[in-house]
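>>> Next input, structure requested:
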Amino acid sequence: DFSVADDAMRVQVIKKGTAYMNVWMYVIREFEDAIDDCDNSCIACNDDPVHAWDEGVAFWTGSLEKEDGFSSGKQIYALAEKRCKNFKTCGPNGDSTSLGSPQDTTAKVNFDLFYEFAVGEMLLSYGRCDEVPPVVRRVVSLMTVPLIQGTLRYNYKKRVVPFTSLDDDEMADIQAEGATFAAAILPMVHACDADDAETIYQAAKIDSAYPKGANRPDYSTWNQVKT
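The predicted structure follows:
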């Protein structure tokens with residue numbers, strides 16, 4: 001319900017919604033398009049599906065990452081890089097933080113995704129079309145990781161971080177970003193368990209009475225969302 005959202009909230013919702021809801025879905029659309037165009041057992045016939053697959057990878061990554069993949073991007077690749085630093089899931093094994101070489105600071109989910117991206121491209125190139133849908137399912141599963149991390153991060157900030165460390169603008173950003181991340185992940189949560197989705201929705205939605213009327217720290221709600 002955006003009737004209670006002020007301009008600062010709307011700015012964050014539009015920025016995050018564009019990247020993490022619209023573009024996120026369009027990445028999947030490109031991969032599905034590649035499957036639709038794939039011609040079985042025809043090595044010389046699959047330039048179009050490979051091109052569609054590459055577009056999906058490009059939308060995930062964003063042009064601002066440059067060749068090194070270690071720049072200030074704005075798309076979902078960059079989101080995964082930010083969240084891995086918060087959750088200590090950087091590096092090939094997902095056990096390092098933001099210190100060290102670019103190899104150490106790249107999100108594990110991006111390492112895993114680019115492996116799957118390469119597998120999908122190879123299968124399409126060789127016309128092995130029936131083997132691509134399982135790759136897309138693995139890709140979509142991995143793509144949800146930064147959305148889950150974002151939902152958790154901003155709900156924690158909204159529920160647990162002391163008021164004294166947050167001004168009104170920061171709280172508006174937290175509400176808006178948390179609600180947008182939740183909106184992106186809730187359909188998949190709902191497909192697993194409608195009650196769980198409702199719990200997250202009630203905790204993450206934009207609330208005009210928040211933060212002034214809220215009890216903090218609210219570990220009970222935070223633990224429900226995390227669970």
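>>> ok, then the element right after the longest helix seen in the chain?
For the chain, the helix that runs over the most residues, judged by DSSP state H, is helix 132-159. If you walk from helix 132-159 toward the C-terminus, the next helix or strand you reach (DSSP states H and E) is helix 168-192.
>>> I'd like the next helix or strand past that following helix.
Past helix 168-192, heading to the C-terminal end, the next element that is a helix or strand (DSSP H and E) is helix 194-204.
>>> Mind giving me the packing neighbours of that next one?
Where contact means 3 or more Cβ pairs under 8 Å, 6 or more residues apart in numbering; DSSP states H and E, helix 194-204 is packed against helix 132-159, helix 168-192, helix 219-226. Glycine gets a C-beta too; all of them are placed from N, C-alpha and C.
>>> For residue 120, which of the ones you listed is the nearest?
Residue 120 lies closest, by Cβ to Cβ, to one member of the helices and strands packed on helix 194-204: helix 132-159, at 4.5 Å.
>>> Show me the shaky parts of the protein.
For the chain, residues meeting the criterion pLDDT under 70 lie at 68-71, 97-104, 208-213.
>>> so how many other residues sit close to the closest residue in space to residue 162 that isn't next to it in sequence?
Closest residue in space to residue 162, ignoring its immediate chain neighbours: residue 216 at 6.7 Å, by Cβ to Cβ, 6 or more residues apart in numbering. Burial of residue 216 is recorded as 14 neighbouring residues (other Cβ atoms under 10 Å).
>>> and what of the one 10 residues further on?
Residue neighbour count, defined by other Cβ under 10 Å, stands at 12 for residue 226.
>>> wait, what's in contact with residue 50?
If a contact means Cβ atoms under 8 Å, 6 or more residues apart in numbering, then residue 50 has 34, 121, 124-125 as its contacts.
>>> That one: which element?
Element membership of residue 50 [criterion: DSSP H and E] is helix 47-61.
>>> I'd like the next helix or strand past that helix.
Scanning onward from helix 47-61 (DSSP H and E), the first element met is helix 76-87.
>>> for that following helix, packing partners?
Under the contact criterion of 3+ Cβ pairs under 8 Å, 6+ apart, helix 76-87 touches helix 47-61, helix 102-105, helix 108-125, helix 132-159.
>>> if we go to 10 Å?
Applying 3 or more Cβ pairs under 10 Å, 6 or more residues apart in numbering; DSSP states H and E, one finds that helix 76-87 contacts helix 24-37, helix 47-61, helix 102-105, helix 108-125, helix 132-159.
>>> Nearest to residue 92 among these would be which one?
Across those, the minimum distance to residue 92, taken as Cβ to Cβ, is reached by helix 108-125, at 5.2 Å.
>>> Please convert the helices and strands packed on helix 194-204 to JSON lines, extending it with distance to residue 20.
As requested, those are arranged in JSON lines below (distance: least, Cβ to Cβ, whole Å):
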{"stretch": "helix 132-159", "distance to residue 20": "6"}
{"stretch": "helix 168-192", "distance to residue 20": "5"}
{"stretch": "helix 219-226", "distance to residue 20": "18"}
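>>> how about the CA coordinates for stretch 75-88, as CSV?
This file holds the C-alpha atoms of stretch 75-88, laid out as CSV (Å, rounded to 0.1, in the frame of the first residue of the first chain):
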residue,chain,number,x,y,z
GLN,A,75,22.0,-4.5,-11.4
ILE,A,76,21.5,-7.8,-9.6
TYR,A,77,25.1,-9.0,-9.9
ALA,A,78,26.1,-5.9,-7.9
LEU,A,79,23.3,-6.7,-5.3
ALA,A,80,24.7,-10.1,-4.8
GLU,A,81,28.2,-8.6,-4.3
LYS,A,82,26.9,-6.2,-1.6
ARG,A,83,24.9,-8.8,0.2
CYS,A,84,27.7,-11.4,0.3
LYS,A,85,29.7,-8.8,2.3
ASN,A,86,26.8,-8.5,4.8
PHE,A,87,26.2,-12.2,5.1
LYS,A,88,29.9,-13.3,4.7
